[in-house]
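[1] Next come a sequence and a model predicted from it.
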Amino acid sequence: MTDYLDITRTAYDTVAADYADLLRGHLARSTWDRAVLGAYAELVQAGGGGPVAEIGCGPGRITEHLHGLGLDVHGVDLSPEMIAVARKWYPHLDFRIGEMPGLSIEDGALAGVVAWYSIIHTPRERLPEIFADFHRILRPGGHLMLAFQVGDEVRHIEHAYGHDISCDAYRLLPEAIAGQLGETGFSMVSELVREPSEEFESTRQAYLIARKQ
């Protein structure tokens, strides 16, 4: 059976260029995304700053935004094609190929970890491994931010961004994710759920910020 990481990598390699073009200006139209990212950047800076990794960075648009907010941030993604786009668009930033779990980052090395809609292709039973890896690479007091679609279903995606692909996307319950983070050794800082925008979303969106104890 093909591993979900291989399936996800293939899907995002396929759509990378068109995905990047479609979402490139999205943050300018998303008040809530900018607000949450700004609050997160302030939390990291108030804690003394330090290195931050965006895990599942795709074409790098969130990494670039966090950099503009003053964070020392680099991006990691499992898709070589996504990383190629990110390096082309933002050559002043550091982008690396990597997978979660199993990130090639030293224990306690980071002040922050951001997973912006990047846990949505992970089977639910594998999420504790992901959160444990995030906990491992954060220093005590470091902050984690997650963003994801709210729900309790699995969607099989066969066409996206003008391409035929095949991968699953998991909608998640914020209270369940918060509980898993607590079991991993995080304390919750904020939980925000907003209604879908009229632009293209069909479900509520969640933003969770947690602190490594």
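    Everything's here; your move.
[2] Quickly find the element holding the spatially closest residue to Gly48 that is not a sequence neighbour.
    Spatial nearest neighbour of Gly48, excluding adjacent residues (C-beta to C-beta, 6 or more residues apart in numbering): Ala111 at 7.0 Å. Quick note: C-beta positions are derived from backbone N, CA and C, even for glycine. Using DSSP states H and E, Ala111 sits within strand 110-116.
[3] Summarise which helices and strands that strand is packed against.
    Here strand 110-116 is seen to pack against helix 31-46, strand 51-55, helix 61-68, helix 127-137, strand 138-149 when contacts are counted using 3 or more C-beta pairs under 8 Å, 6 or more residues apart in numbering; DSSP states H and E.
[4] what pairs with that strand, and is each one parallel or antiparallel?
    When pairing is defined by DSSP bridges, strand 110-116 lines up against strand 51-55 (parallel), strand 138-149 (parallel).
[5] For the nearest residue to Val52 once chain neighbours are set aside, name its beta-bridge partners.
    Nearest residue to Val52 in three dimensions, chain neighbours excluded: Gly112, at 3.7 Å (C-beta to C-beta, 6+ apart). Per DSSP bridges, the residues bridged to Gly112 are Val52, His143.
[6] show me what contacts Gly112?
    Listed by C-beta atoms under 8 Å, 6 or more residues apart in numbering, the contact partners of Gly112 are 40, 44, 50-53, 71, 73, 138, 142-145.
[7] same thing with Ala210?
    143-146, 178, 181, 186-189.
[8] same thing but at 7 Å, please
    Residues in contact with Ala210 (C-beta atoms under 7 Å, 6 or more residues apart in numbering) are 144, 181, 186-189.
[9] In which helix or strand does it reside?
    Residue-wise, Ala210 maps onto strand 205-212 under DSSP H and E.
[10] What's the mean pLDDT across that strand?
    When pLDDT is averaged along strand 205-212, the result is 98.
[11] partners of it, with directions?
    strand 138-149 (antiparallel), strand 186-194 (antiparallel).
[12] so which of these comes closest to His163?
    The closest of the strands paired with strand 205-212 to His163 is strand 138-149. By C-beta to C-beta, the value is 20.4 Å.
[13] list the buried ones in the closest one?
    Neighbour-count burial for strand 138-149 flags 138-139, 142-149 (criterion: 16 or more other C-beta atoms under 10 Å).
[14] swap in stretch 156-169?
    160-161, 165, 167-169.
[15] Send over it as CSV, restricted to the C-alpha atoms.
    In CSV, the C-alpha atoms belonging to stretch 156-169 read as follows (Å, rounded to 0.1, in the frame of the first residue of the first chain):
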residue,chain,number,x,y,z
HIS,A,156,-11.2,12.2,-1.3
ILE,A,157,-9.9,14.8,-3.7
GLU,A,158,-9.7,13.8,-7.4
HIS,A,159,-9.3,17.1,-9.0
ALA,A,160,-7.7,20.3,-7.7
TYR,A,161,-6.1,23.5,-9.2
GLY,A,162,-6.7,22.3,-12.7
HIS,A,163,-5.2,18.8,-12.3
ASP,A,164,-6.3,15.3,-11.7
ILE,A,165,-4.9,14.0,-8.4
SER,A,166,-5.7,11.5,-5.7
CYS,A,167,-5.4,12.2,-2.0
ASP,A,168,-7.5,12.4,1.2
ALA,A,169,-8.2,15.6,3.2
